[in-house]
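K.L.:
Fold the following.
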Amino acid sequence: MRRIGYARVSTIGQTLDMQIQTLNSFECHKVFREKASGADVERVQLRRLIKNLCHGDTVIVTRIDRLARSTFDLFAIVKEIIQKGAQFYSLSEPWADTTTSTGRLMLAVLGGLADVERDLIRTRTAEGRARAVQLGVKMGRPTKIGDIQRQDIIRRRQNGELLKDIAEGFGISVGTVSRITTGADSHKSRDLRKLSLGEKVSS
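P.N.:
Model prediction:
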């Protein structure tokens with residue numbers, strides 16, 4: 001059983017020193033260090049952390065906002081950690097501890113909040129597109145989708161959700177969702193291609 005730390009800063013001039021010092025005081029086996037904004041969908045160190053998780057590991061952060069920028073993102077990331085057989089714990093938010101029954105209950109609540117947030121995003125996206133069409137605005141390229149969002153798209157499709165609903169929720173085209181879920185998306189990593197094709201991803 002290992003403790004794996006994750007530290008992130010987003011503002012120029014900020015340092016990771018305080019986070020790393022705090023995480024090391026909890027005897028973390030390794031600390032992954034990220035310099036990227038919470039809105040950056042391609043957080044390389046976070047992807048590397050999750051890929052290298054082993055069963056029984058615990059991911060530790062100093063604060064939840066170091067890991068995710070929204071309830072939806074937090075739930076998606078923590079869900080992925082648990083699917084690797086690992087646990088999650090936030091030092092500043094003791095309730096965010098999936099090793100306890102209270103923490104697991106909070107995760108279930110987060111799942112419900114994430115669904116609400118996703119529905120709100122879907123509604124706002126649909127309303128925004130409708131207004132844009134009425135004004136004669138041509139829609140631009142879709143928002144860039146990162147690995148975490150791609151995995152969520154694949155799992156939602158595997159759970160039977162309609163392509164149209166998934167596309168609206170992420171503000172992308174049905175064609176993009178289809179390419180991601182069928183493995184035809186050239187931007188995906190090898191592990192994501194395996195996931196989309198229903199193959200087992202090695203830990």
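
K.L.:
contacts, neighbours, all on C-alpha from now
P.N.:
Fine.

K.L.:
average pLDDT for the biggest helix by length in the chain?
P.N.:
Ranked by residue count, the top helix of the chain under DSSP state H comes out as helix 101-134. The average pLDDT within helix 101-134 is 74.

K.L.:
Against which helices or strands is the next helix or strand after it packed?
P.N.:
Later in the chain than helix 101-134, the nearest helix or strand by DSSP states H and E is helix 147-158. Applying 3 or more Cα pairs under 8 Å, 6 or more residues apart in numbering; DSSP states H and E, one finds that helix 147-158 contacts helix 71-83, helix 163-170, helix 174-182, helix 190-196.

K.L.:
will you turn those helices into CSV that also has distance to residue 3, mean pLDDT and mean neighbour count?
P.N.:
Below are the helices and strands packed on helix 147-158 laid out as CSV (distance: least, Cα to Cα, whole Å; pLDDT from 0 to 100; neighbours: other Cα atoms under 10 Å):
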stretch, distance to residue 3, mean pLDDT, mean neighbour count
helix 71-83, 13, 86, 19
helix 163-170, 33, 85, 19
helix 174-182, 33, 87, 18
helix 190-196, 24, 52, 19
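
K.L.:
In JSON lines, list those helices along with distance to residue 9.
P.N.:
Shown next, in JSON lines, are those (distance: least, Cα to Cα, whole Å):
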{"stretch": "helix 71-83", "distance to residue 9": "17"}
{"stretch": "helix 163-170", "distance to residue 9": "25"}
{"stretch": "helix 174-182", "distance to residue 9": "30"}
{"stretch": "helix 190-196", "distance to residue 9": "26"}
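
K.L.:
who wins for proximity to residue 122 among those helices?
P.N.:
Smallest distance to residue 122 across the helices and strands packed on helix 147-158 (Cα to Cα): 4.3 Å, for helix 163-170.

K.L.:
what domains does the record give for the chain?
P.N.:
3-104, 141-196 (automatic domain parsing).
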